[in-house]
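J.: next one to model:
(chains A, B, C and D)
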2 protein chains.
Amino acid sequence: MNESTTPSETAQIQLKKGALQLCVLAMLSRKESYAYEISSTLAAAVGMGESTIYPLMRRMQKDGLVESHLVESSSGPSRKYYRLTDAGRGLFEKQKSGWMAFTTAVNEILGDSR
Amino acid sequence: MNESTTPSETAQIQLKKGALQLCVLAMLSRKESYAYEISSTLAAAVGMGESTIYPLMRRMQKDGLVESHLVESSSGPSRKYYRLTDAGRGLFEKQKSGWMAFTTAVNEILGDSR
DNA sequence: CATCATACCTTGTAATGCAAGATACCATGC
DNA sequence: GCATGGTATCTTGCATTACAAGGTATGATG
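T.: Next comes the predicted model:
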């Protein structure tokens, strides 16, 4: 009577945790952006939900990884643009290494062979 | 006063969620094993904690992914060996695809270039 | 009997993605 | 004016799950 979440789906959700911040850091390392745009991009790429981005951005700002400034838009409400701080850039490099080490380890367990 | 968990470390923990079950499925797809052995292998490979494996194996058995049988050991207490069911094998293939699609998407965001 | 490695297990905490919903701006059509 | 729809911000509450800390028990070694 419960088909709202299969084990396979919840696993996908769990997988995202920890990787989404990395994706946001990567996007911001290339150019400033605002939550709605980041969310739209990552929704298409990895299935991020829209209500995930706002708490995440607030966390990142609280952790000193990003700084924000408002910019008025001619096609809707003001956008809050985010820019990486030096700390954010440092954490990005660190987490990128962590991500690669982790995926390499998992891929070895998966591919194994022999 | 609080260095027990840095943002970088908690991100690593979050990253594991959802991937650990995949690793267990992969290991069991090659040979039967027991929780302590799986945990020891994954502790070395991806830093899994020992107390993580037992709730996980119970979840997987409850979900019908594995079946277990006890085997006495000559060097300690009995071992509860786990074997993949057909459902477990099916989910393994499905999650493996999901894992590869997800890591590919994240790597594109990371590597981007152009 | 004490100790150590093996092997199983439980309880409680922390972290966070998401659904659902609220608020508000701006342009278009009536 | 006013309704509608896309843009853009945000909050609340829930579900999931890795881990630390601790517990139980077996068998070998001293």
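
J.: list the contacts of A:Gly49.
T.: A:Ala43 (C-beta atoms under 8 Å, 6 or more residues apart in numbering or on different chains). (Glycine included, C-beta is placed from N, CA and C.)

J.: ok, 6 Å please
T.: Contacts were defined as C-beta atoms under 6 Å, 6 or more residues apart in numbering or on different chains; by that measure A:Gly49 touches no other residue.

J.: look up the closest residue to A:Glu72, ignoring the ones flanking it.
T.: In space, A:Glu72 comes closest to A:Ser78 once its chain neighbours are excluded; the distance is 5.1 Å by C-beta to C-beta, 6 or more residues apart in numbering or on different chains.

J.: tally of neighbours for the one you found?
T.: Each residue near A:Ser78 was counted by other C-beta atoms under 10 Å in any protein chain shown, and the total is 10.

J.: dihedrals phi and psi, it?
T.: Comment: the main-chain dihedrals of A:Ser78 come out as phi -60, psi 150, following degrees, to the nearest 10.

J.: how about the helices in chain A?
T.: When secondary structure is read from DSSP state H, chain A shows helices at A:7-16, A:20-30, A:35-46, A:50-62, A:86-111.

J.: show me where pLDDT drops low in chain A?
T.: When residues are selected by pLDDT under 70, those of chain A lie in A:1-14, A:112-114.

J.: if we go to 80?
T.: A:1-18, A:112-114 (pLDDT under 80).

J.: grab the nearest non-local neighbour of the closest residue to DNA strand D within chain A.
T.: Residue nearest to DNA strand D within chain A (C-beta to the nearest atom of the strand): A:Tyr36, separated by 2.9 Å. Closest residue in space to A:Tyr36, ignoring its immediate chain neighbours: A:Arg79 at 7.2 Å, by C-beta to C-beta, 6+ apart.

J.: surely that neighbour and A:Val71 touch.
T.: Yes. Because the distance of 5.3 Å satisfies C-beta atoms under 6 Å, A:Arg79 is recorded as touching A:Val71.

J.: give me the most central residue, chain A.
T.: Central residue check for chain A by C-alpha atoms, centre = their mean: the C-alpha nearest the mean position is that of A:Leu20, 2.5 Å away.

J.: please report how far that residue lies from B:Leu42.
T.: As defined by C-beta to C-beta, to the nearest Å, A:Leu20 lies at a distance of 23 Å from B:Leu42.

J.: hmm, back to that, looking at the helices of chain A, which is buried most?
T.: The highest mean neighbour count among those, using mean count of other C-beta atoms under 10 Å in any protein chain shown, belongs to helix A:20-30: a mean of 21.

J.: near DNA strand C, anything from that helix?
T.: Yes. Helix A:20-30 comes into contact with DNA strand C when judged by C-beta under 7 Å from any atom of the strand, the residues involved being A:20-21.

J.: other residues contacting that helix?
T.: Outside of helix A:20-30, the residues within contact range by C-beta under 6 Å, 6+ apart are A:38, A:42, A:84, A:92, A:95, A:99, B:11, B:109-110.

J.: please repeat the previous calculation with a cut-off of 8 Å.
T.: Residues from elsewhere that reach helix A:20-30 (C-beta under 8 Å, 6+ apart): A:33, A:38, A:41-42, A:45-46, A:48, A:52-53, A:56-57, A:60, A:65-66, A:82-84, A:88-89, A:91-92, A:95-96, A:99, B:11, B:106, B:109-110, B:112.

J.: ok, back up a step: ok, now which ones touch the residue nearest to A:Tyr36?
T.: Counting by C-beta under 8 Å, 6+ apart, A:Arg79 touches A:34, A:36-37, A:70-73.
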